[in-house]
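K.L.:
Pasting the sequence and the predicted coordinates here, then a few questions.
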Amino acid sequence: MRPWLEWQFSASESDLPDQPVLDAAGQTYRNFAPLQGTFFEEALWNQDQLRQRVAFALSEIWVVSGVEIPYPYAFPPYWRLFRDNAFGNYRDLMRAVTLNPAMGRYLSMANNNKPAKGQSANENYARELLQLFTLGLTKLNADGSPQLDAKGNPIPAYTQADVTNLARVLTGWTYPTAPDATPLANNPAYYIGEMFAVESRHDATEKTVLGGVFPANQTAQRDLETALDILMKQDTMAPFVCRQLIQHLVTSNPSPDYIGRVSRVFLDNGRGVRGDLRAVVEALLMDPDARAGDQEGTPISSGFGHLREPVLLLANLLRGLGASTNENGTAAAAAATLGQNLFFAPSVFSYFSPQYRTPAGAGGPEFQIYTTQTAPFRANLIGQILYRTLDKNTPVRLDAFTAPDVSTLLDNIGMLFLHDSMSQELRDAAAKAANAATTPLTRAQAALYVALTSAEYQVIH
């Protein structure tokens, strides 16, 4: 595992190509299909699989959406922030996202001017920066459990006064200036480049956030850097961020000990550095809980794993089946039918809430979009892919599965899709389906359909 990690940490980075601002007729370009298609091509075939996975997870925490920003050209620059910082430092990521114009538009920080006397600055980004991106609502112990006061009540991670003052801290930033345009104190929306400060629109009075003081007459830049420093000092950030990364990358129900071990790495990577995401990713993937089942005699705990969200399901299916793809967005359209429209998260809480719990009471964020409607769509979609009816431009190659005997066929399926952990019950069901078929191709299709629609495959362990 470690050699693979080292290779992934140094692999050449994928990229999403810049999209046009205007179409051939000079109108605003709004076609997301080519961008979505390229995303899947890179997810299927580029070497930097881990960087892309971590970047995608971070993008589901720091959400912007085409629902509010229907301009494809805004998204490659935003995506690169997660690509470039996936193995970097969380503080650098916070700064980069805060000054990105897409986030400036989505959560109203762009053109958020200092308030007139008796009024308040726009609190949208300040609130979500605290609630969703860094601290959460409640102070946490290192293991993710809530800190309690003397009466046994959870201690809030911040107050309304913190939100109000942080909103004032973040005033004075405007969109980048579009080419051939004149810079204004409040620029119109433009999504390439970094937002810049207009000091005359910044609230330079003294402010206090989370106990940290912002002296009067600091610049917008200095106030921002001070805010980032204060946030990074909050110990609750480690379990809040690490729990979500574990949920996206390993399991929806991490144990307190698992969260605690990874949180300690977030707080100190062993060299006195806080927020080192490369160290955090390595720790969460190499943790004993994550590696359970690798060796015989180390069983996977009950409730471990997470449902494959549609984008990851499609990428894994098409990669494993050797699909040929192009930039027509077919895979993205299929994911959308399963409840996950790429780049179009329905809210700031992403495609599904990290707090969602299944009817049985277990944590299971991805199950929020696994409904009575999308569940059969999953099975139908797998059938369409296997029987080559999804799209004529997205054929799959099943040669690797047309084995001379059913046992070898099942071994191949287990190795490629189930980490060599296919249960005997599933193996028997897939064998029964394969033996009822009459040709090597139909045997492969029948066995694959049983395996890929099973809970063992749909939930990653």
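P.N.:
Happy to help now that I have it. Remember, predicted model here, so these are calculated numbers, not experimental data.

K.L.:
Show me where the stretch 101-250 of the chain has its strands.
P.N.:
For the stretch 101-250 of the chain, strands defined by DSSP state E, counting those that start in this stretch occupy the ranges 173-174, 196-197, 207-209, 212-214.

K.L.:
Could you look over those strands and pick the most buried one?
P.N.:
Ranked by mean neighbour count, the strands of the stretch 101-250 of the chain are led by strand 173-174 with a mean of 26 (mean count of other Cβ atoms under 10 Å). Placement of C-beta: from N, CA and C, glycine included.

K.L.:
which other helices and strands contact that strand?
P.N.:
For strand 173-174, the packing partners by 3 or more Cβ pairs under 8 Å, 6 or more residues apart in numbering; DSSP states H and E come out as strand 196-197.

K.L.:
Can you give the strand pairings for the strand it packs on, parallel or anti for each?
P.N.:
Sheet pairing for strand 196-197, assigned by DSSP bridges, gives strand 173-174 (antiparallel).

K.L.:
quick check, distance from the partner strand to the centre of its chain.
P.N.:
Counting by Cα atoms, centre = their mean, to the nearest Å, strand 173-174 is centred 26 Å from the centre of its parent chain.

K.L.:
so where's the stretch 1-150 of the chain shaky on pLDDT?
P.N.:
Segments of the stretch 1-150 of the chain classed as low confidence (criterion: pLDDT under 70) are not present in this model.

K.L.:
hmm, back to that, okay, the strands of the stretch 101-250 of the chain in a markdown table with distance to His248 and mean pLDDT next?
P.N.:
As requested, the strands of the stretch 101-250 of the chain are arranged in a markdown table below (distance: least, Cβ to Cβ, whole Å; pLDDT from 0 to 100):
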| stretch | distance to His248 | mean pLDDT |
| --- | --- | --- |
| strand 173-174 | 29 | 98 |
| strand 196-197 | 32 | 98 |
| strand 207-209 | 28 | 98 |
| strand 212-214 | 30 | 98 |
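
K.L.:
For Ile382, find the nearest of those strands.
P.N.:
Closest to Ile382 of the strands of the stretch 101-250 of the chain is strand 173-174 (Cβ to Cβ; 46.2 Å).

K.L.:
Nearest residue to the most centrally placed residue in the chain in space, ignoring adjacent ones along the chain?
P.N.:
If you average the C-alpha coordinates of the chain and look for the closest C-alpha using Cα atoms, centre = their mean, you land on Ala57, 2.0 Å from that point. When the adjacent residues along the chain are set aside, Ala57 lies closest to His248, with 3.7 Å between them (Cβ to Cβ, 6 or more residues apart in numbering).

K.L.:
on that earlier part again, how about a markdown table for the strands of the stretch 101-250 of the chain, with distance to Ala283 added?
P.N.:
Compiled in a markdown table, those are given as follows (distance: least, Cβ to Cβ, whole Å):
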| stretch | distance to Ala283 |
| --- | --- |
| strand 173-174 | 34 |
| strand 196-197 | 36 |
| strand 207-209 | 29 |
| strand 212-214 | 28 |
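
K.L.:
Leu409 reaches Ala446, doesn't it?
P.N.:
No: the criterion here is Cβ atoms under 8 Å, and Leu409 misses it with Ala446 at 9.7 Å.

K.L.:
Need the residues touching each of these two.
P.N.:
Counting by Cβ atoms under 8 Å, 6 or more residues apart in numbering, the common neighbours of Leu409 and Ala446 are Ala434.

K.L.:
Name the secondary structure element that contains the residue nearest to the centre of the chain.
P.N.:
Of the helices and strands defined by DSSP states H and E, Ala57 is found in helix 49-61.

K.L.:
Who are the packing partners of that helix?
P.N.:
Counting by 3+ Cβ pairs under 8 Å, 6+ apart, the packing neighbours recorded for helix 49-61 are helix 2-10, helix 33-45, helix 75-85, helix 237-249, helix 277-286.

K.L.:
For the ones you listed, give me a markdown table that also has mean neighbour count and distance to Asp223.
P.N.:
Putting the helices and strands packed on helix 49-61 into a markdown table (neighbours: other Cβ atoms under 10 Å; distance: least, Cβ to Cβ, whole Å) gives the following:
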| stretch | mean neighbour count | distance to Asp223 |
| --- | --- | --- |
| helix 2-10 | 12 | 34 |
| helix 33-45 | 20 | 35 |
| helix 75-85 | 21 | 21 |
| helix 237-249 | 23 | 19 |
| helix 277-286 | 21 | 25 |
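
K.L.:
List the residues that contact Met422.
P.N.:
By Cβ under 8 Å, 6+ apart, the contact set of Met422 is 410, 413-414, 430, 451, 456.

K.L.:
residues near the closest residue to Ser407 other than its chain neighbours, how many?
P.N.:
Excluding the flanking residues, the one nearest Ser407 by Cβ to Cβ, 6+ apart is Ala431, at 7.9 Å. Here the count is done by other Cβ atoms under 10 Å, and Ala431 has 18 residues near it.

K.L.:
Contact partners for Ala431?
P.N.:
Under the criterion of Cβ under 8 Å, 6+ apart, the neighbours of Ala431 are 406-407, 410, 447.

K.L.:
And for Ala96?
P.N.:
81, 84-85.

K.L.:
Check which helix or strand Tyr457 maps to.
P.N.:
With elements taken from DSSP H and E, the one containing Tyr457 is helix 455-458.

K.L.:
who touches that helix?
P.N.:
For helix 455-458, contacts defined as Cβ under 8 Å, 6+ apart pick out 307-308, 313, 378, 417-418, 421-423, 426, 451.

K.L.:
Pull up the gap between Ile397 and Thr442, please.
P.N.:
If you look again at residue 397, you'll see it is Arg, not Ile. Noted for Arg397: a distance of 16 Å to Thr442, by Cβ to Cβ, to the nearest Å.

K.L.:
So between those two, which is more surrounded?
P.N.:
Counted by other Cβ under 10 Å, Arg397 and Thr442 do not tie: Thr442 has more neighbours, with 15 against 10.

K.L.:
For that one, what is the enclosing helix or strand?
P.N.:
Counting by DSSP H and E, the element that carries Thr442 is helix 440-452.

K.L.:
Now do the buried residues in that helix.
P.N.:
Buried positions in helix 440-452, judged by neighbour count with 16 or more other Cβ atoms under 10 Å: 440, 443-452.

K.L.:
Let me have those residues in a markdown table, adding distance to Val64 and pLDDT as columns.
P.N.:
Rendered in a markdown table, the data for these read as follows (distance: Cβ to Cβ, whole Å; pLDDT from 0 to 100):
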| residue | distance to Val64 | pLDDT |
| --- | --- | --- |
| Pro440 | 47 | 91 |
| Arg443 | 46 | 94 |
| Ala444 | 41 | 94 |
| Gln445 | 40 | 93 |
| Ala446 | 43 | 96 |
| Ala447 | 41 | 97 |
| Leu448 | 37 | 96 |
| Tyr449 | 37 | 97 |
| Val450 | 39 | 97 |
| Ala451 | 37 | 97 |
| Leu452 | 32 | 97 |
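
K.L.:
No further queries at this time; thank you.
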